[in-house]
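*Asks:* Predicted structure and sequence below. I'll ask about it afterward.
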Amino acid sequence: ATLSGALRKVLDRGELRLAFQPRLALADSRITGVEALLRWSSDEHGEIAPADFIPLAEESGLILEIGEWVLREACLTLRRWQQHGVGGLTVAVNVSVLQLLRGDFPEVVRRVLGDVGLAPEALELELTESVLMANAEQTAAKLQAFRAIGVSLAIDDFGTGYSSLAYLKRLPITTIKIDKAFIDDLSHDPEDAAITSTVITMAHSLGLNVVAEGVETEAQLRFLSQHRCDEIQGFWLAQPLDPHACLAFIRNWT
Ligand code: G
Ligand code: G
Ligand code: MN
Ligand code: NA
């Protein structure tokens, strides 16, 4: 079958799983939470990257079902860790524009949290700038609904989208995730360094939490610490891990 044909059967076949990548707070060196990242091992096509199948899932509308599976699985995993004595963490879940535009998405999230028994404060939804720009009016109301129940909201891949800074004022965002593209050359490129330190300062003036993504080196870490970035995520800390390995990693972290 074609890739989109195989994708249609992915939930029935149980071919999806989640990887979890930890996030570290620089001020006190504590793990604050994890990002859930979708993985597909297809019987027919092998391991397929999300960048290759999420657009297909969006075209076919399957992303609604897949997205709800991701949300539930991510929340269940965090709940299980809590039951194993690992608490105080948040789980970040990537959300597609189609999920957000769906009328009852806040209701879906509320239901999943209730089913799983996870506090809304333990969930962060990651939205891209294009998601936020897609339908500004409707989006603002949706995001308010999430904040009203205590769910956090992050802008993912910050600085790479076609967008306006005005949404930072208009929308009830809690966290900015600086895209890896700016972090990569932080140590060599004065322009990336200037952008990164400016975004951190701006985020703090707006009362937002800042996460640097794709941190791979000690030098990047040093720069981000010096410029008071709140949290980092990236291979320097850990790759995306399967749930058991991630729980072990968090337990061993001191
Ligand atoms: O883990 P990886 O680097 O392959 O992820 C690539 C991209 O796929 C991420 O940047 C993210 O935007 C997207 N992605 C990963 N998991 C999910 C998911 O559960 N839902 C959505 N909509 N996108 C995801
Ligand atoms: O949702 P988002 O677009 O931010 O997805 C994050 C992606 O970046 C994931 O696919 C993850 O595997 C990848 N990633 C996370 N940390 C690093 C890193 O330090 N280096 C590289 N090359 N990729 C990373
Ligand atoms: Mn993300
Ligand atoms: Na990102």
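*Replies:* In hand now; what should we look at? For clarity, every value in this text was computed on a predicted model and none was experimentally measured. Ligands and ions are numbered 1, 2, ... in the order given.
*Asks:* got the residues of the stretch 1-150 of the chain near ligand 3?
*Replies:* Within the stretch 1-150 of the chain, the positions lying close to ligand 3 (C-beta under 5 Å from the ion) are 94, 126. Every residue, glycine included, has its C-beta placed from N, CA and C.
*Asks:* Can you pull the residues of the stretch 1-150 of the chain lying near ligand 2?
*Replies:* Within the stretch 1-150 of the chain, the positions lying close to ligand 2 (C-beta under 6 Å from any ligand atom) are 21, 37, 94.
*Asks:* Contact partners for the nearest residue to the last one once chain neighbours are set aside?
*Replies:* Spatially, and ignoring its direct neighbours in sequence, residue 94 is nearest to residue 126 (4.8 Å; C-beta to C-beta, 6 or more residues apart in numbering). With contacts defined as C-beta atoms under 8 Å, 6 or more residues apart in numbering, residue 126 is in contact with 35, 92-95, 154-156, 177.
*Asks:* Identify the bridge partners of residue 126.
*Replies:* Beta-bridge partners of residue 126, counted by DSSP bridges, are residue 94, residue 154.
*Asks:* got the residue ranges for the strands in the stretch 151-254 of the chain?
*Replies:* The residue ranges that make up the strands of the stretch 151-254 of the chain, judged by DSSP state E, counting those that start in this stretch, are 152-158, 175-178, 209-212, 231-232.
*Asks:* Let me have those strands in JSON lines, extended by distance to ligand 3 and mean neighbour count.
*Replies:* Putting those into JSON lines (distance: least, C-beta to the ion, whole Å; neighbours: other C-beta atoms under 10 Å) gives the following:
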{"stretch": "strand 152-158", "distance to ligand 3": "4", "mean neighbour count": "22"}
{"stretch": "strand 175-178", "distance to ligand 3": "7", "mean neighbour count": "25"}
{"stretch": "strand 209-212", "distance to ligand 3": "10", "mean neighbour count": "26"}
{"stretch": "strand 231-232", "distance to ligand 3": "13", "mean neighbour count": "24"}
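*Asks:* Present those strands as JSON lines; the columns should include mean pLDDT and distance to residue 144.
*Replies:* As requested, the strands of the stretch 151-254 of the chain are arranged in JSON lines below (pLDDT from 0 to 100; distance: least, C-beta to C-beta, whole Å):
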{"stretch": "strand 152-158", "mean pLDDT": "95", "distance to residue 144": "10"}
{"stretch": "strand 175-178", "mean pLDDT": "96", "distance to residue 144": "16"}
{"stretch": "strand 209-212", "mean pLDDT": "98", "distance to residue 144": "19"}
{"stretch": "strand 231-232", "mean pLDDT": "98", "distance to residue 144": "25"}
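*Asks:* Residue 72: neighbouring residues, count only.
*Replies:* By the measure other C-beta atoms under 10 Å, the count of residues near residue 72 is 17.
*Asks:* Next one: it from residue 116, what distance?
*Replies:* Shown here: residue 72 relative to residue 116, a distance of 7 Å by C-beta to C-beta, to the nearest Å.
*Asks:* do residue 181 as well
*Replies:* 34 Å.
*Asks:* Equivalent analysis for residue 241, please.
*Replies:* 21 Å.
*Asks:* Residue 154 now?
*Replies:* If you go by C-beta to C-beta, the gap between residue 154 and residue 116 works out to 20 Å.
*Asks:* With residue 209 instead?
*Replies:* Applying C-beta to C-beta, one obtains 24 Å for the distance of residue 209 from residue 116.
*Asks:* now swap in residue 58 and tell me
*Replies:* 25 Å.
*Asks:* closest point of the stretch 151-254 of the chain to ligand 1, which residue?
*Replies:* Each residue of the stretch 151-254 of the chain has a distance to ligand 1, by C-beta to the nearest ligand atom, and the smallest belongs to residue 240, at 5.7 Å.
*Asks:* Before I go, just wanted to say thanks for your time.
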